[in-house]
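J.: any chance you can model this:
(chains A and B)
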Amino acid sequence: MRGLTAESIIPVPFRTLFFREIHRFFIVINQTLLAPVISALLYLFIFGFSLGDRFGSFHGFSYLDFLVPGLVMMGLVNNSFQNPSSSLMISKFEGNIVDILVAPIGHLEIVMGYMLGGMFRGLLVGGCILAVSCFFGVPPFSHPVYLVTVALLSAALFSLVGIAAGIWAEKFDDLALFPTFIITPLTYLGGVFYSIDILPPFWREVSLFNPLLYMINALRFGFLGVSDVHPGWSLAALSTLTAALFGACFAMLRSGYRLRK
Amino acid sequence: MKNIPLPDPPVPAIEVRGVTKSYGSVRALGGISLSIPRGELFGLLGPNGAGKSTLINILTGLVRRNAGEVKIFGYDVEHDYRITRSLLGAVPQELVYDHFFTVRQTLKIQSGYYGVTRNGDWIEELLERLELKEHEGKTIRELSGGMKRRLLVAKAMVHKPPILILDEPTAGVDVALRRSLWDLVRQVHAAGTTVVLTTHYLEEAEELCERVGIIHRGVFVALDRKEALMRQIHHRKVTLEFASPQSGLPPDLSELGGALTGDGMSATLLVDRSNGSLQSLLGLLGRSSVPLADLQVEGAGLEDVFLQLTDEKGRKGAGSRPAGGSR
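T.: The predicted structure follows:
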């Protein structure tokens, strides 16, 4: 009987796709890693460090401490989305998507390969933003297990959104709809820079329909132990959405939607 | 290629039965059948839009058939797709590439997609044979068109598939590269690989293929051994060259359809080899006073077969003949 090998546990085609996705974004590291970290650093410096004292405290924490989890989540979400979506779109544009479509790779392996590649980039960017923010002050890490769970699920969720968008989009302009009209507005209005407690009641109620609000507050709960919404609900919503999108991406690949004729 | 058990030889390498495919209201394949035994070098010919690429894409899994059966070594291309895709290597018609990676990285990634690891020696050999060794560290954007084409061939062969599909492999390449690719195809075929070649260059099919299928408007209008197809053409082109300019042809030669060229130094005519016209022509030439300097008789090639069959079918309209079968 053959013993257990890395190849028998982790299929080579999946492993190849996963490492290709990581290798691809490291080739353009200025654009994929340094740019978002620099942006977050500027936000920290301007809003947290320079203007933070004027905003007072939020849930008993300084504005700088309050801001860090939101910025980490913003970097994580954007980059988890961008990795698979741009990779798929470029592959479709250049035609090399056929390399994957004619290879003996299972649908599940394709979803997992792109998803984990996106998660890796999202978590790396989020981790780098967190590391940089530690120069301004180390957050308390109140609920570390919850924190890691939320970070992993959020990265997975937006990687899956990226896969679905990359498959659906027929041109780069289609793909630009997601960050411009969905992710960025939902992130900015989801409490990265403020607590919904400061909003008028109507807008506070409207904000509760924003899924990013739950993700940002869940991460904030993991770091600081405070949240605008119940952390249990956040985790439940995040888990349900991630599972649903995983199923949707699998179904898209299995049916050949916009990939096979 | 990973170890996949292949059935005994009676099972063909490729078996296509009654396959149909439509894109909306446009019928691409009208119920075609084809069987390619293992080890054959098969040529798939047809005009643009005939359905060649659709058939190739159904084999590779890029396109899904509407009806019929498609098997690779007895395995269904949709149900057993992981097995059938491992058994195929395909060179696409378009120059598709991933500009992020170098030549060597591209081949390593491609190997991985097919579950192949530790194949450095084979990659090395492919790089040498396809004259890519000195370019292995270049990204694909830095390669010339010919090099990109060779890289596509290397990618298709990196997992040592028992079936190699080449969709217009020499489109847009220079004569020297075309010849070197032909040599490679011959070598691969000699080593036992089943090769399916689609091409616009009929000379290429004539040079390389053992059996040829001509597809037109989604159906096979011919499917036979190359020599058998060429025997279907009965006309021969005869060129007469004269020692001095002629002002006109003798009436008997004109009756056979002869036409004098502008300078009066030569004439061409088509004769039917099946009804004794060639014999009559030689008799006429012997009896006439025409100062003959040279005589050339050109046999029919695949191009004549192709033109005759696709023109006939074009005139008769689409779908007049059911799929497959020799003519």
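J.: and A:Phe246, how close does it get to B:Arg64?
T.: As judged by CB to CB, to the nearest Å, A:Phe246 and B:Arg64 stand 24 Å apart. The way it works is simple: take the backbone N, C-alpha and C, and place the C-beta from them, glycine included.
J.: okay, the two: which has more neighbours?
T.: A:Phe246 (19 against 15; other CB atoms under 10 Å in any protein chain shown).
J.: and the more buried one, what pLDDT?
T.: Per-residue pLDDT puts A:Phe246 at 98.
J.: so the residue in chain A positioned nearest to chain B: helix, strand or coil?
T.: For chain A, the residue closest to chain B is A:Thr16, as judged by CB to the nearest CB, at 2.7 Å. Of the three states, A:Thr16 takes helix under DSSP: H, G, I helix; E, B strand; the rest coil.
J.: wait, it touches B:Gly112, no?
T.: Yes - A:Thr16 lies in contact with B:Gly112 (CB atoms under 8 Å); the separation is 2.7 Å.
J.: contacting residues around the residue most central in space within chain A?
T.: Centrality entry for chain A: nearest residue to the mean C-alpha point is A:Val77, 2.5 Å, by CA atoms, centre = their mean. A:Val77 is in contact with A:Gly122, A:Ser154, A:Ala155, A:Phe158, A:Ile183, A:Thr187, A:Leu212, A:Met215, counting by CB atoms under 8 Å, 6 or more residues apart in numbering or on different chains.
J.: any idea how many residues pack against the residue of chain A closest to chain B?
T.: 25.
J.: list the contacts for it?
T.: A:Gly113, B:Ile109, B:Ser111, B:Gly112, B:Tyr113.
J.: and with 7 Å instead?
T.: By CB atoms under 7 Å, 6 or more residues apart in numbering or on different chains, the residues touching A:Thr16 are B:Ile109, B:Gly112, B:Tyr113.
J.: residues from the stretch 101-250 of chain B in reach of chain A?
T.: B:Ile109, B:Gln110, B:Gly112, B:Tyr113, B:Tyr114, B:Gly115, B:Thr117 (CB under 7 Å from any CB of the partner chain).
J.: can I get the CA coordinates of stretch B:3-20 in PDB?
T.: Extracted C-alpha coordinates of stretch B:3-20, given in PDB (Å, rounded to 0.1, in the frame of the first residue of the first chain):
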ATOM      1  CA  ASN B   3      -1.000   6.500 -15.200                       C
ATOM      2  CA  ILE B   4      -4.500   6.000 -16.700                       C
ATOM      3  CA  PRO B   5      -5.300   2.500 -17.900                       C
ATOM      4  CA  LEU B   6      -6.000   2.500 -21.600                       C
ATOM      5  CA  PRO B   7      -8.400  -0.100 -23.000                       C
ATOM      6  CA  ASP B   8      -7.200  -2.700 -25.500                       C
ATOM      7  CA  PRO B   9      -6.400  -1.600 -29.100                       C
ATOM      8  CA  PRO B  10      -9.800  -2.200 -30.700                       C
ATOM      9  CA  VAL B  11     -11.100   0.700 -28.700                       C
ATOM     10  CA  PRO B  12     -10.300   3.800 -30.900                       C
ATOM     11  CA  ALA B  13      -8.400   6.800 -29.600                       C
ATOM     12  CA  ILE B  14     -11.300   9.100 -30.600                       C
ATOM     13  CA  GLU B  15     -14.900   8.000 -31.200                       C
ATOM     14  CA  VAL B  16     -17.500  10.600 -32.200                       C
ATOM     15  CA  ARG B  17     -21.100   9.400 -32.900                       C
ATOM     16  CA  GLY B  18     -23.900  11.600 -34.100                       C
ATOM     17  CA  VAL B  19     -22.700  14.700 -32.500                       C
ATOM     18  CA  THR B  20     -24.700  17.900 -33.000                       C
END
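J.: quick one: buried residues of it?
T.: Neighbour-count burial for stretch B:3-20, counted by 16 or more other CB atoms under 10 Å in any protein chain shown, picks out B:Leu6, B:Pro12, B:Ala13, B:Ile14, B:Glu15, B:Val16, B:Arg17, B:Gly18, B:Val19, B:Thr20.
J.: can you lay out the residues you listed as a markdown table showing secondary structure?
T.: Converted to a markdown table, those look like this (three-state DSSP):
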| residue | secondary structure |
| --- | --- |
| B:Leu6 | coil |
| B:Pro12 | coil |
| B:Ala13 | coil |
| B:Ile14 | strand |
| B:Glu15 | strand |
| B:Val16 | strand |
| B:Arg17 | strand |
| B:Gly18 | strand |
| B:Val19 | strand |
| B:Thr20 | strand |
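J.: restrict the residues you listed to contacts with chain A.
T.: Of the buried residues of stretch B:3-20, not one also sits near chain A (CB under 7 Å from any CB).
J.: which of the residues you listed has the weakest pLDDT?
T.: B:Leu6 (75).
J.: tell me which stretches of chain B form helices.
T.: Counting by DSSP state H, one finds helices in chain B at the ranges B:52-60, B:81-86, B:103-113, B:120-129, B:145-157, B:175-190, B:202-208, B:226-231, B:251-255, B:277-287, B:302-316.
J.: one more: chain A?
T.: Counting by DSSP H, the helices of chain A are A:6-9, A:12-27, A:29, A:35-43, A:63-94, A:97-101, A:107-133, A:144-168, A:172-177, A:184-188, A:201-207, A:211-224, A:231-255.
J.: B:Leu249 touches B:Ala267, doesn't it?
T.: Yes - proximity of B:Leu249 to B:Ala267 meets the contact threshold set by CB atoms under 7 Å, at 5.9 Å.
J.: what is in contact with these two at once?
T.: Common neighbours of B:Leu249 and B:Ala267 (CB under 7 Å, 6+ apart) are B:Gly258, B:Leu260.
J.: still on that earlier bit, hey, which of the helices of chain B is tucked in deepest?
T.: helix B:52-60 (a mean of 24; mean count of other CB atoms under 10 Å in any protein chain shown).
J.: now for that helix, which elements pack on it?
T.: For helix B:52-60, the packing partners by 3 or more CB pairs under 7 Å, 6 or more residues apart in numbering or on different chains; DSSP states H and E come out as strand B:14-23, strand B:26-36, strand B:88-91, strand B:163-167.
J.: again, 6 Å this time
T.: For helix B:52-60, not one helix or strand is in contact under the criterion 3 or more CB pairs under 6 Å, 6 or more residues apart in numbering or on different chains; DSSP states H and E.
J.: contact partners of that helix?
T.: Residues external to helix B:52-60 that are found in contact with it (CB atoms under 6 Å, 6 or more residues apart in numbering or on different chains): A:102, B:21, B:28-29, B:44, B:46, B:63, B:65, B:70, B:90, B:165, B:167, B:198, B:215.
J.: what about 7 Å?
T.: Helix B:52-60 is touched from outside by A:102, B:14, B:19, B:21, B:28-29, B:32, B:44, B:46, B:63, B:65, B:70, B:77, B:88, B:90, B:93, B:165, B:167, B:198, B:215, with contacts defined as CB under 7 Å, 6+ apart.
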